[in-house]
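Chemist: predicted model and sequence follow; I will ask about them next.
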Amino acid sequence: MVEVTAQNFEQEVKNETDKLVLVDFWSEKCEKCMALMPDVEELEKKYADKVKFAKVDAAKDRRFCWSLKVMSLPTFQLYKNGEKVDEITQDVTVDKIEEMMSKYL
Amino acid sequence: MPDLYDCLIIGAGPAGLSAAIYAGRARLSTIVFEKKQVGGQAALTWGLENYPGSVEDPTGPKITARMREQAEYFGAVIKHEEVKSVDLSGKVKKVVTNKGTYEGKTVILAPGASHIRLGIPGEEKFTGKGVSYCATCDADFFTDLDVVVIGGGDSGLQEGLYLTKYCNSVTIVEMLPELRASKILQERAANNAKVKILTHTAVESIEGEDLVEKVVLKDTQTDERTELQVQGVFVFAGMKPDTELFKGLVDMDEKGYIKTDEYMRTNVPGVFAAGDCRVKWLRQVVTAAADGAQAAVAAERYVDENFSD
């Protein structure tokens, strides 16, 4: 998964036009996020050719998260042609993530 | 890996992990299934001060990580898999997960419980946009902001006090005329300058544009309404058992809590229940751990009595 910060968000997410971009907002303190991570990495292998998997360490840049209107972990946002098209902010499961992505593939 | 396990445990919170420790020590071949974080709700609770022996810097993640280590040390296998269905009717029980099917001589149900949604206007819309059910996950985002905590029980006060490390102010609202939390937490809340307590008060709605901006409070005695400017709403008001999967398979009460006897036996032979999912009056980490121990020892006896060649 690509590590995304305020510095490379433009380049890695906004300018990505070939693939969908899934952004995983997480932090080490978020046990739910840590439990989900291995499943998301497995999903990445499955969709590697169609979806770019990115992650934002929320603990490192709270303001950046605020600017993307992320106020809760885990949050998953989906970008298509640089625009946010969908997100999941509650009861996140790997099934829900897959379902969300398949709507836009 | 055997084809037929002695003990299949559903849920790796304190009840499931404690059961796994006892089952492992009894040399029962044991798997624990957990779809979310190992440690259950306790892994999301920062202060776990009332668990015996947890004296210095007792955090939920730390204590539950040790429970996990202990269970694995004694031979239990913890699998990060989601249980999709169970067949508890036969002598051999079946547990179907997203990764495979497992057969067991006994099953211990320890799925736990989760915080309920209140169903008030704005709650759904702003979940993840200021409404949260996990202080340890989300407290960071509310640094220097004002938040309201719904629920004046142990969870509400414990989490509210944790939030004071980050937030500018924490208003705890309780519908009842008095707080329900333990006295020590009430004392701490009263002595914390950042905490304001409003009893006989309900949050009627959560409002804002894209993110939470305010809540409407209602005095449950006078019906008077006031607005409170907050950026965050943390909900810790009531629990529901995560037992949907087992409806119709084991006896439950009208709220969905599983009925057991003092050996943690359900009405189905070979099926036990432990922890917050069970009908009981005190749902704490220590009582969950106690349930787990009893369920595992009862399961061991059941295996001896029913499966010895």
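Modeler: Good, I have the coordinates. Numbering: from 1, shown residues only, chains lettered A, B, ... in the order given.
Chemist: return the residues in contact with residue 32.
Modeler: I'll assume chain A. For A:K32, the contact set (C-beta atoms under 8 Å, 6 or more residues apart in numbering or on different chains) comprises A:L73, A:P74, A:V92, B:K36, B:Q37, B:L44, B:C134, B:C137. Bear in mind the C-beta positions are built from the backbone N, C-alpha and C, glycine included.
Chemist: try again with chain B
Modeler: Contacts of B:V32 by C-beta under 8 Å, 6+ apart are B:9-12, B:16-17, B:19-20, B:71, B:76-79.
Chemist: mind listing what's buried along stretch B:53-69?
Modeler: Applying a neighbour-count criterion of 16 or more other C-beta atoms under 10 Å in any protein chain shown, one finds B:S54, B:P58, B:T59, B:G60, B:P61, B:I63, B:T64, B:M67, B:R68 buried in stretch B:53-69.
Chemist: just how off-centre is that stretch within its chain?
Modeler: In terms of C-alpha atoms, centre = their mean, to the nearest Å, the centre of stretch B:53-69 is found 16 Å from the chain centre.
Chemist: contacts for that stretch next, please.
Modeler: Contacts with stretch B:53-69, where a contact means C-beta under 8 Å, 6+ apart, come from A:31, B:12-14, B:17-18, B:21, B:38-40, B:42-49, B:51, B:78, B:136, B:285, B:289.
Chemist: which among those residues end up buried?
Modeler: A:31, B:12-14, B:17-18, B:21, B:38-40, B:42-48, B:51, B:78, B:136, B:285, B:289.
Chemist: excluding its backbone neighbours, what's nearest whatever residue of the stretch 51-200 of chain B ends up closest to chain A?
Modeler: Using C-beta to the nearest C-beta, the closest approach of the stretch 51-200 of chain B to chain A is made by B:G128 at 2.3 Å. Nearest non-adjacent residue to B:G128, counting by C-beta to C-beta, 6 or more residues apart in numbering or on different chains: A:T89, 2.3 Å away.
Chemist: also B:P2?
Modeler: B:S29 (5.2 Å).
Chemist: correct me, but that neighbour touches B:C7?
Modeler: Yes. With contact defined as C-beta atoms under 8 Å, B:S29 reaches B:C7; the gap is 7.2 Å.
Chemist: who's more crowded, these two?
Modeler: B:C7 (30 against 19; other C-beta atoms under 10 Å in any protein chain shown).
Chemist: next, the buried residues of the strand or helix carrying that one.
Modeler: If you go by DSSP states H and E, B:C7 is part of strand B:4-10. Within strand B:4-10, the residues scored as buried using 16+ other C-beta under 10 Å are B:Y5, B:D6, B:C7, B:L8, B:I9, B:I10.
Chemist: and stretch B:302-309, by the same measure?
Modeler: B:Y302, B:V303.
Chemist: burial check on the closest residue to B:E124 other than its chain neighbours, number of neighbours?
Modeler: Nearest residue to B:E124 in three dimensions, chain neighbours excluded: B:R117, at 7.4 Å (C-beta to C-beta, 6+ apart). Close neighbours of B:R117, defined as other C-beta under 10 Å, add up to 17.
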